[in-house]
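Peer 1: here are the coordinates; sequence isn't available:
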């Protein structure tokens, strides 16, 4: 686009900050509004597969991510007792590493530092109160009372996206899958040199993910009632009960969890916005548009791909509507492939019934999906 745009990014998470940095590097004027008071990060750690790392390279923070995390190349599959069943090398996208585990707070710091270095202001404790799209721009009133006019408003505001609700009401509310994710940081075992997945086709799966030389996180995917919440005083004991059938490195990691402190519990839900991801000059992306289950470790990767491809489209087309249409056409099939396969793998790993369409996707499997996802996004 010949004329630089003014873009307001609603949400200072992984996708929003990636978009802000990429836009600024491309010459656009950007501001981020973030409801939180700082760039803290809920959770313990995150997997950056090669396609996500490729985006980090495009915005200039790959080395910082790898330095703050733990680079790895092989996924190990174990039975519940801890016996190794398979070792699966992870493919690379271009020159990017195969995979990296990183603490979520460190990734927030890396992206926050890059955003500041790019000259992008982040307005904390602030959200959108009102917006009016007149076709040529968007008039926005923020919760602090300030007003501005923007060429584009982009919501990377998560699975509970307020911007999605403004566009569609409760039409595309998050759908609970019946499963939840437990995570806790523990000392890294020397033998955990990459992600270790332990599953026995029961309703529980466990995995270990290295995130620094010293640390890894233990995660468990379990079937839970929709209204279940861990007891704050005994969350570690409830996690231990759910992983009682697991031995080997999972049991060793679990022995390090002596208190409820640091145990993070979250329900696994997904969002499928079947309508357009943009309405006029207001856009939703990442989890706001297509939140997936974590079984392919591609949620954040899809968000940062969304961000980078959006910038590429804005730079390639002469007008905003054409750029947004091209962006969505390019991104939707890939994001839906990830969402559908990830949900199918969740069902397959936990012994839940699958549909014929999911059975067809499972023939692709995780190794096949990994190769698809290191093709250009």
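Peer 2: Alright, I've got the coordinates. Everything numeric in this text was worked out from a predicted model, so none of it was measured.
Peer 1: Could you please name the strands the helix or strand residue 47 falls within pairs with and the direction of each pair?
Peer 2: Element membership for residue 47 (DSSP states H and E) is strand 45-49. Using DSSP bridges, the strands paired with strand 45-49 are strand 99-103 (antiparallel).
Peer 1: who's in contact with the strand it pairs with?
Peer 2: The contact list for strand 99-103, computed with C-beta atoms under 8 Å, 6 or more residues apart in numbering, reads 44-50, 53, 65-66, 68-73, 90, 185, 194-195, 209-212, 215-216. C-betas here are computed from N, CA, C, even on glycine.
Peer 1: Which residues belonging to the strand holding residue 47 are considered buried?
Peer 2: For strand 45-49, burial by neighbour count (16 or more other C-beta atoms under 10 Å) applies to 45, 46, 47, 48, 49.
Peer 1: can you give me how far that strand is from the chain middle?
Peer 2: In terms of C-alpha atoms, centre = their mean, to the nearest Å, the centre of strand 45-49 is found 9 Å from the chain centre.
Peer 1: Give the next helix or strand downstream of it.
Peer 2: Next in sequence after strand 45-49, counting helices and strands by DSSP H and E, comes helix 50-58.
Peer 1: Show me which strand runs longest in the chain.
Peer 2: Criterion DSSP state E: the longest strand present in the chain is strand 175-187.
Peer 1: Give me the buried positions along it.
Peer 2: Result for strand 175-187 [16+ other C-beta under 10 Å]: buried residues 177, 178, 179, 180, 181, 182, 183, 184, 185, 186.
Peer 1: which element is the nearest residue to the fifth one once chain neighbours are set aside on?
Peer 2: Same thing as residue 181. Excluding the flanking residues, the one nearest residue 181 by C-beta to C-beta, 6 or more residues apart in numbering is residue 266, at 5.2 Å. Assessed by DSSP H and E, residue 266 sits inside strand 264-270.
Peer 1: Helices of the stretch 251-377 of the chain, start to end?
Peer 2: 287-290, 299-316, 320-349, 356-362, 365-372 (DSSP state H, counting those that start in this stretch).
Peer 1: and of the ones you listed, who's closest to residue 107?
Peer 2: With C-beta to C-beta as the criterion, residue 107 lies closest to helix 299-316 of the helices of the stretch 251-377 of the chain, at 8.4 Å.
Peer 1: same for the closest one, what does it pack against?
Peer 2: In terms of contacts (3 or more C-beta pairs under 8 Å, 6 or more residues apart in numbering; DSSP states H and E), helix 299-316 is packed against helix 14-25, strand 45-49, helix 50-58, helix 287-290, helix 320-349.
Peer 1: can you list contacts of the first one?
Peer 2: The reference is to helix 14-25. With C-beta under 8 Å, 6+ apart, helix 14-25 has contacts from 5, 7, 9-10, 30, 32, 34, 39, 46, 55, 58-61, 107-108, 111-112, 114-115, 118-120, 154, 156-157, 285-287, 300, 303-304, 306-308, 310-311, 314.
Peer 1: Distance from the chain centre to that helix, please.
Peer 2: On the basis of C-alpha atoms, centre = their mean, helix 14-25 sits 15 Å off its chain's mean C-alpha point.
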